[in-house]
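1. Structure for this input, please:
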Amino acid sequence: MHRKHVLPNGVRIITEEIDYVRSVAIGIWVGTGSRNETEGYEGISHFIEHMFFKGTVKRSARQLAESLEAVGGQINAFTTKELTCYYAKVLDEDISLAIDVLSDMFFNSLFDPKEMDKEKNVVIEEIKMYQDSPDELIHDLFSQYVWHKDPLGKPILGIEETIHGLSSEKVRHYLETHYTPDQVVIAVAGKIKHEDIIRQLAMFGDFQRQRTDSIKENPQGTTFRKTMGKDTEQMHLIVGVPGLGQDHEDIYVMHVINSILGGGLSSRLFQEIREQRGLAYSVYSYHSTYADTGLFAVYAGTSPGNTDEVIKCILDELNKLKREGLTEEELMKTKAQIKGNLYLGLESVSSRMSRLGKTELSFGEVKTPEEAVEKLEKVTTADITRVMERLWQKDKISILTLGQKDYHSDIEKLVDEAFA
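-> Below you'll find the predicted structure:
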């Protein structure tokens, strides 16, 4: 059972007491990411995440790194398109130390210009490493082409030119206007006492900042079909369409569609493309959700000579699901799979903390697993057909291939034949 407390300035604290474990996970969740970045600030959300580990008034970068590792704990952070999270996991007896370190980073980071220059090089190396990983890069490229007129399409890491242009003034301005109390949620799960955590986090109720930006809602995705050259052994490809926002009434229908198409070893695409035809080692689908929109996509990596056949298989499988739907037995199995994954994923204090923080920040309330299962159980075979008919339309399908420069394919012809 979770409990919620709101500090005087609006910072929200969510706790879950789990008495039978010895560990505690704590996360500071901030409602800003690459989607919130304006021109000249691209990549700053991720860069600030890095700089929080580069020294504070009380601790050097080395002391921050050693602080929790010295007691067997972990500390890390990540940035997405819509949020940034700083988190730690420690033994229950070390939760005060974890709170002291995380709050020190949050309030007292130095943003020393010399350290900023060094960290810019680190981030640029991270960008280059990412560009050398085509199976990861293609997802960013696909998002950029679909949302090219909206900040949602910007890469989380930024680009080299804008990283060079970041300054301590820009960092402090971004913190003042985006790390505001109403956008901060602190989630704690494990062997704790709610009242004790509220007392120790009281300092988060004292800071005042005013958010000034607003996200342009309902970005319109663009349809594109494109081949890009890159020196690789495999051809990487994505077939996708605009999806649903995180609070959409059909979001659980979308979860079922994603699971049955490419959600595991027994999924239709995995069975057809890998097991039956031996065309790919990696093939899967995913549904990325944001505050007001989403993106459903299928990824596969294959030999260049198999590219057309893999694209055709993907188009045919989605057309088949749209045309024929699925049986009641398939629906029941898929629901059981999603339900099992949901509860198994909540076995650790870290995953429980993440669920508390992310759902509170995204929806303004904690969504319990029981609520999710209740909505999942209401999904019908008719819902699957209805949502597929709405989303899977010929003129909404985007396709991107990334691989050998001499690869040539008539993607438009493949799509026309699939919908003939």
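
2. and the strand or helix carrying L295, what does it pack onto?
-> Using DSSP states H and E, L295 maps to strand 294-302. Counting contacts by 3 or more CB pairs under 8 Å, 6 or more residues apart in numbering; DSSP states H and E, strand 294-302 packs against helix 134-146, strand 235-242, helix 251-262, strand 282-289, helix 307-324. Just so you know, the C-beta spots here come from the backbone N, C-alpha and C atoms, and that holds for glycine as well.

3. could you redo these as TSV and give each row mean pLDDT?
-> Shown next, in TSV, are the helices and strands packed on strand 294-302 (pLDDT from 0 to 100):
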stretch	mean pLDDT
helix 134-146	95
strand 235-242	96
helix 251-262	96
strand 282-289	96
helix 307-324	97
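
4. which of those is buried the deepest?
-> Across these, the average number of neighbours (mean count of other CB atoms under 10 Å) peaks for strand 235-242, which reaches a mean of 24.

5. which stretches of this structure have low pLDDT?
-> For the chain, applying pLDDT under 70 flags the ranges 213-217.

6. Do you have the strands of it handy? List them.
-> Along the chain, counting by DSSP state E, strands occupy 2-6, 12-17, 23-30, 74-79, 84-91, 184-190, 225-229, 235-242, 282-289, 294-302, 398-403.

7. Mind putting those strands into CSV with distance to G364?
-> Listed next are the strands of the chain as CSV, based on distance: least, CB to CB, whole Å:
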stretch, distance to G364
strand 2-6, 11
strand 12-17, 9
strand 23-30, 13
strand 74-79, 21
strand 84-91, 17
strand 184-190, 10
strand 225-229, 38
strand 235-242, 25
strand 282-289, 16
strand 294-302, 19
strand 398-403, 32
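
8. out of these, deepest packed?
-> With neighbours defined as mean count of other CB under 10 Å, those peak in mean count at strand 184-190, which reaches a mean of 27.

9. can you list contacts of that one?
-> Applying CB atoms under 8 Å, 6 or more residues apart in numbering, the contact partners of strand 184-190 are 11-16, 18, 21, 23-31, 92, 95, 197, 201, 204, 349-350, 352-354, 356-357, 360-361.

10. Then stretch 309-327?
-> Identification of contacts with stretch 309-327 by CB under 8 Å, 6+ apart yields 237, 239, 257, 260-261, 268-269, 272-273, 277, 279-280, 283, 298, 300, 302, 334, 381-382, 384-385, 388-389, 392, 397, 399, 409, 411, 414-415, 417-419.

11. sorry, back to before: can you say which of the strands of the chain is nearest to I127?
-> strand 74-79 (13.4 Å; CB to CB).

12. So which residues make contact with the closest one?
-> Residues outside strand 74-79 that contact it (CB under 8 Å, 6+ apart): 33-34, 45-46, 49, 52-53, 64-65, 67-69, 84-90, 98, 101-102, 156.

13. pull the CA atoms of it into CSV?
-> Extracted in CSV, the C-alpha atoms of strand 74-79 (Å, rounded to 0.1, in the frame of the first residue of the first chain):
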residue,chain,number,x,y,z
GLN,A,74,24.0,1.8,-6.2
ILE,A,75,23.4,5.3,-7.5
ASN,A,76,22.6,6.3,-11.1
ALA,A,77,20.3,8.4,-13.3
PHE,A,78,18.6,8.4,-16.7
THR,A,79,16.9,10.9,-19.1
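
14. Without its sequence neighbours, what residue ends up closest to N218?
-> Leaving out its chain neighbours, the residue that sits closest to N218 by CB to CB, 6 or more residues apart in numbering is D292, at 5.2 Å.

15. what's the burial count for the one you found?
-> For D292, the neighbour count with other CB atoms under 10 Å is 16.

16. That one and K193, how far apart?
-> From D292 across to K193, the span is 38 Å (CB to CB, to the nearest Å).
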